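Chemist: Dropping the sequence and predicted coords here.
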Amino acid sequence: METPQVKELFDPETEFGARVAARLDKEEIVWLTTVGPTGTPQPNPVWFHWQAGSFLIFSQPDRPKLRNIALDPRVALHFNSTGSGGDIVVFGGSARLELATDPDEVAAYLDKYRDGLAGLSMTAEQFRAEYSVPIRVVPDRLRGF
């Protein structure tokens, strides 16, 4: 599956696009919403790395979100809003389990969460052992305000 270019989803030269780009760069948590077997949306906060128009997320094995993705790859990702309900950014797209990940991208992901891992008293190696399932989300639409 081809990864869409960032320009296809948003233009960082626009006010909204610049906000999206900044949030992709600075935010630590995005909400991943999968669809459960009964059609019920199931949101989960996750760590992510954004690169080249896609999200890299790691999961523990045998989690409901993995089963949901296997049944229905449609997902949504969104950031928290402001306290008054503004700064909305919602991506829609499809998720798949990755068989192999780029070591440089994994290193960038782990570097992003160095402080978070320390707060969990977890090394990068422990994280990768426990959260061993990489998920790739390729968004194909974006909405927000």
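Modeler: That came in fine, so what should we check first? Since this is a predicted model, take the numbers as computed values, not measurements.
Chemist: pretty sure E28 is touching W47, no?
Modeler: Yes - counting by C-beta atoms under 8 Å, a contact exists between E28 and W47, whose distance comes to 6.6 Å. The way it works is simple: take the backbone N, C-alpha and C, and place the C-beta from them, glycine included.
Chemist: anything in contact with each of those two?
Modeler: Taking C-beta atoms under 8 Å, 6 or more residues apart in numbering as the contact definition, E28 and W47 share the neighbouring residues K112, Y113, G116.
Chemist: Was I right to think the first one contacts H49?
Modeler: Yes - counting by C-beta under 8 Å, K112 touches H49, with 6.1 Å between them.
Chemist: Those two: which is more packed in?
Modeler: Neighbour tally, K112 and H49, criterion other C-beta atoms under 10 Å: the higher count belongs to H49, 20 against 16.
Chemist: circling back: as a markdown table, the shared contacts of E28 and W47 with distance to P139 would be great.
Modeler: Rendered in a markdown table, the data for these read as follows (distance: C-beta to C-beta, whole Å):
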| residue | distance to P139 |
| --- | --- |
| K112 | 19 |
| Y113 | 21 |
| G116 | 23 |
